[in-house]
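Peer 1: Below are the sequence and a predicted model for it; my questions follow.
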Amino acid sequence: MRRVVIILMFLLVFCGACLAIYKMRGKDVPELEAVSQVKTVENISDSVHSYSANDIKSGCEAEDKIFCAIERTVKCTLAPELEGCVANVVPSFVIGKVEEEVRPTEISFAITKIKPITGTNDISVYTKSDCNASWFGLCKGNVIYSLSNKDGEWVVTNIYALEM
């Protein structure tokens, strides 16, 4: 009797699976939504953007909002007193007063990769950077800017450096 019940249960599960396959046949497979609007882009440009504390102006003339967010952070690193250098658009340590660290007076960078951060609306922008000071180790070599989109505007939330 026990064997009969087990065989009937197996046949019931098997018939249920076959019925499900039969009913699903011919139906469209639903498309999954895109994870992020920003795709990973490598080798953005060979152009190097250079800035000097002696001749920078606030604002950004470029159309690319991601580039403008990084440019604003670089400019605020050089001269935190510039208009637009506030803690809600650049990391607070960029505009803070730190007496042990000497601020750079010249910074250059080239964007090498833009990569979305999975599961968020944030992106990481990889750069090759150089400057004339150590400044927390965040302006020489491979520097990564983390950006978030706040109210339609990209803002830098943190800066990281990769060991060369």
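Peer 2: Okay, I see it.
Peer 1: Give me the phi and psi for Ile159.
Peer 2: Per-residue torsions, Ile159: phi -130, psi 130 (degrees, to the nearest 10).
Peer 1: so who does the closest residue to it other than its chain neighbours touch?
Peer 2: Once flanking residues are discounted, Ile159 sits nearest to Leu138: 5.0 Å by Cβ to Cβ, 6 or more residues apart in numbering. (Each C-beta comes from the backbone N, C-alpha and C, glycine too.) Contacts for Leu138 (Cβ atoms under 8 Å, 6 or more residues apart in numbering) come out as Ile159, Tyr160, Ala161.
Peer 1: out of the residues you listed, who's nearest Glu83?
Peer 2: For these, the closest approach to Glu83 (Cβ to Cβ) belongs to Ile159, at 20.9 Å.
Peer 1: neighbours around the closest one, how many?
Peer 2: Counted by other Cβ atoms under 10 Å, the residues lying close to Ile159 total 21.
Peer 1: ok, back up a step: show the pLDDT at the residue nearest to Ile159.
Peer 2: Looking at Leu138, its pLDDT is 83.
Peer 1: Asn88 now?
Peer 2: Asn88 carries a pLDDT value of 86.
Peer 1: Need the worst-confidence member of the contacts of Leu138.
Peer 2: Lowest in pLDDT among these is Ala161, which has 87.
Peer 1: Tell me how far the residue nearest the centre of the chain lies from Lys113.
Peer 2: Centroid-nearest residue in the chain, with Cα atoms, centre = their mean: Ile123, separated by 1.4 Å. Ile123 sits 10 Å away from Lys113, going by Cβ to Cβ, to the nearest Å.
Peer 1: Over to Ser146?
Peer 2: 13 Å.
Peer 1: for Lys150, same thing?
Peer 2: 22 Å.
Peer 1: The two - which one has more neighbours?
Peer 2: Remark: of Lys150 and Lys113, Lys113 carries more neighbours, 15 against 12, as counted by other Cβ under 10 Å.
Peer 1: The residue lying closest to that one once chain neighbours are set aside: neighbour count?
Peer 2: Distances taken as Cβ to Cβ, 6+ apart put Tyr126 closest to Lys113, at 4.0 Å, once the chain neighbours are dropped. Tyr126: 19 surrounding residues under other Cβ under 10 Å.
Peer 1: what sits opposite Tyr126 in the beta ladder?
Peer 2: In this entry, Tyr126 is beta-bridged to Lys113, Ile144, by DSSP bridges.
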